[in-house]
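1. Return atomic coordinates for the entry below.
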Amino acid sequence: MINYYIDGVNDIQFQELLGYERINEEIENVMRNFGYKQILTPNFEYYDMYGVDGALSRDKMFKLIDKNGKVLVLRPDATIPICRMSANNFKNPKEILKFSYITTIFRENNSKTNYRKDFIQGGIEYFGNSGPDCDAEIIAVAVTMLENLGLDKIHIDIGQVTFLESLFDGLDLDEKEKGKITGFIENKNMGDLKLYLKKLKLSDEFYEIILKIPMLFGSYESVINDAKNLCINQAMKDSLANVEAVYEILSGYGLSQYVNLDFGFTNQLNYYSGFIFKGYAEGFGEAILSGGRYDKLSSTFGVERPASGFGINISLLTELINSEDNIQDYFDLLLIYDDETITDAVKFAMELRKEDFSVDCVSSKYQIDADSYKYILSFESEGIFLVNKEFKSPATKLEVISLMKGDKKS
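-> Below you'll find the model as predicted:
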């Protein structure tokens, strides 16, 4: 028999899908409570749109050709199409726009989970506000989502793209050289970083500063002053001032205890232009959410508009959050019938459905997993019986209706 299973994708079974529903509901409630309007962009976009500023590696995209010969891709990122939609439909750059979404992302990634080709992502995008209050709200939404899902052992790592970029401005380096340095810093590969910096023949001052950046991570209090001591220009100082302002506002939210700093990490999406962050939960090595500021992206679609946002990987969350109990009592009643009682059974089932009960009718000739049902009722020639693992007791239709209505009221 041919195995048609594709590596890197996952069939979502009933119990897991219930976990998705619970997570989606919590995430949607938080987004709505912070004033975000839910939207949805197409699954297909033009391939060329994702070439904007090298925002996303094209090797990770799933491409196809339409009937007109145009190259399309399945949505590999949510932010870029929302940026396009905002620019096309809302021309006033001073207007505040707050959008939310839950959608499927299609791209190759190096995750160790089953979601290496597609995954469900939720997120928000906040357009029109360039201030730290916007950045702080983005993080507040992210943390509130995780709190509401019961993940209390979490932390948010905040970085600043401008901090390292402003340091590079004082160096005669091409993009390839900057990329190699950034990679060594992010991986905290000190040995290769030292060798590469010596190869570039940088001044002692820049050599020492760059070697200290991979170690700029930890609690806010332990890192921020060390970072200040490395600043050699005003742009680096301004980037840290932004981090300080965001942290102060997060203190007002009562969420600063979740914040760590890390000035050595980057984001695989190259459109970020300022503060960036990633969110982690204890016991799970991968970031479950990430985001930041992308003030330049909207201009590629014709509207100069600052923006900030994040995405949360809902597929990863389902692996973190235990949903074993979700399947219990999902349906109200399993009604089992035989050839003699089928007419009476389906008639009674319709009566219950009109009362807004969920009723599944199955012939006694077949097997079915009964774990999902609150009650099991057997229609037999000898009468009607309530059934569970321990006993089988006779019951009337009125008794069954009364029992189920009593549970619904409680």
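2. Skipping adjacent residues, who's closest to F163 in space?
-> For F163, ignoring the flanking residues on the chain, the nearest one in space by Cβ to Cβ, 6 or more residues apart in numbering is S239 at 4.4 Å. For the C-beta atoms, the positions are set from N, CA and C on the backbone; glycine is no exception.
3. what's around the one you found, how many residues?
-> The number of residues packed near S239 is 23, by other Cβ atoms under 10 Å.
4. tell me which element it falls in.
-> helix 234-253 (DSSP states H and E).
5. Now do D238: how many residues are near it, please.
-> Around D238 sit 15 other residues, with neighbours defined as other Cβ under 10 Å.
6. do V303 as well
-> One way to gauge burial is a neighbour count; for V303, by other Cβ under 10 Å, it gives 18.
7. what's the answer for the one 10 residues further on, then?
-> Here the count is done by other Cβ under 10 Å, and N313 has 25 residues near it.
8. related to what we said a few turns ago, I'd say the residue nearest to F163 and G159 touch.
-> No. S239 sits out of contact with G159 when judged by Cβ atoms under 8 Å, with a separation of 9.7 Å.
9. Mutual contacts of those two, please.
-> Taking Cβ atoms under 8 Å, 6 or more residues apart in numbering as the contact definition, S239 and G159 share no neighbouring residue.
10. Which element, helix or strand, includes the residue nearest the centre of the chain?
-> Of all residues in the chain, the one closest to the mean position by Cα atoms, centre = their mean is I312, 1.6 Å from it. Assessed by DSSP H and E, I312 sits inside strand 307-313.
11. What of S86?
-> Secondary structure from DSSP H and E places S86 in helix 79-89.
12. Ok, F277 next?
-> With the criterion set as DSSP H and E, the secondary-structure element containing F277 is strand 275-281.
13. what inclination does that strand have with respect to strand 307-313?
-> Between the axes of strand 275-281 and strand 307-313, defined by axes from the mean of the first three to the mean of the last three Cα atoms, to 10 degrees, the angle is 20 degrees.
14. the helices in this structure, which residues?
-> Across the chain, reading from the start of the chain, the helices by DSSP state H fall at 14-33, 79-89, 132-148, 161-168, 175-186, 190-200, 204-212, 220-228, 234-253, 314-320, 342-354, 397-409.
15. I'd like those helices laid out as a markdown table, including mean pLDDT and distance to H155.
-> Putting these into a markdown table (pLDDT from 0 to 100; distance: least, Cβ to Cβ, whole Å) gives the following:
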| stretch | mean pLDDT | distance to H155 |
| --- | --- | --- |
| helix 14-33 | 91 | 18 |
| helix 79-89 | 95 | 23 |
| helix 132-148 | 97 | 10 |
| helix 161-168 | 92 | 20 |
| helix 175-186 | 89 | 18 |
| helix 190-200 | 92 | 23 |
| helix 204-212 | 92 | 22 |
| helix 220-228 | 95 | 11 |
| helix 234-253 | 96 | 13 |
| helix 314-320 | 87 | 14 |
| helix 342-354 | 96 | 47 |
| helix 397-409 | 84 | 41 |
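16. wait, which of the ones you listed is closest to R305?
-> In this view, the helices of the chain are compared for proximity to R305 by Cβ to Cβ, and helix 79-89 is the closest at 7.2 Å.
17. Can you point out the buried residues in that closest one?
-> For helix 79-89, burial by neighbour count (16 or more other Cβ atoms under 10 Å) applies to T79, I80, P81, I82, C83, R84, M85, S86, A87.
18. Closest one to S256 out of those residues, please.
-> T79 (26.0 Å).
19. Identify the residues contacting stretch 356-368?
-> Under the criterion Cβ under 8 Å, 6+ apart, residues 330-339, 342, 345-346, 349, 352-353, 373, 378, 404, 408 lie in contact with stretch 356-368.
20. now what about stretch 309-317, what contacts it?
-> Surrounding stretch 309-317, the residues in contact under the criterion Cβ under 8 Å, 6+ apart are 10, 20, 23-24, 27, 78-79, 102, 105, 111, 113, 115, 119-126, 138-139, 141-142, 145, 149, 277, 279, 284, 286, 288-292, 294.
21. circling back: so what's the residue nearest to the centre of the chain bridging to?
-> The residues paired with I312 through beta bridges, assigned by DSSP bridges, are G122, L289.
22. And the pLDDT at it?
-> I312 is assigned 97 on the pLDDT scale.
23. Also N114?
-> With respect to pLDDT, N114 scores 57.
24. what's the answer for the one 4 residues further on, then?
-> Looking at D118, its pLDDT is 90.
25. For F90, see how far away it is.
-> With distances defined as Cβ to Cβ, to the nearest Å, the gap from D118 to F90 amounts to 29 Å.
26. neighbour-wise, which of these two wins?
-> The neighbour comparison of D118 against F90 (other Cβ under 10 Å) goes to D118, with 21 against 15.
27. how about the more buried one, what does it touch?
-> Residues in contact with D118 (Cβ under 8 Å, 6+ apart) are V9, L74, T104, I105, F106, R107.
28. Pairing partners for it in the sheet, please.
-> Each beta-bridge partner of D118 is listed here: F106, as defined by DSSP bridges.
29. that older thread, how about the helices of the chain, which one is nearest F44?
-> helix 79-89 (9.9 Å).
30. tell me the angle the closest one makes with strand 307-313.
-> 140 degrees.
31. And the protein, split by domain according to the record?
-> Following automatic domain parsing, the chain resolves into domains at 14-320, 328-409.
32. want to throw the ones you listed into TSV with distance to Y5?
-> What follows is the domains of the chain, written out as TSV (distance: least, Cβ to Cβ, whole Å):
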stretch	distance to Y5
domain 14-320	10
domain 328-409	23
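33. Spit out the contact partners of F379.
-> So, once contact is read as Cβ under 8 Å, 6+ apart, F379 ends up touching L335, I336, Y337, D338, T341, D344, A345, F348.
34. check contacts around the second one.
-> This means I336. Applying Cβ under 8 Å, 6+ apart as the definition, the contact partners of I336 turn out to be A345, C361, V362, S363, S364, I376, L377, S378, F379, V387.
35. quick one on the thing from earlier: check the offset of the strand holding I312 from the chain's centre.
-> How far strand 307-313 lies from its chain's middle: 8 Å, per Cα atoms, centre = their mean, to the nearest Å.
36. how far off helix 14-33 does that strand point, in degrees?
-> Using the same axes, to 10 degrees, the inter-axis angle of strand 307-313 relative to helix 14-33 is 160 degrees.
37. List the buried residues for strand 307-313?
-> Residues of strand 307-313 classed as buried: A307, S308, G309, F310, G311, I312, N313 (neighbour count, 16+ other Cβ under 10 Å).
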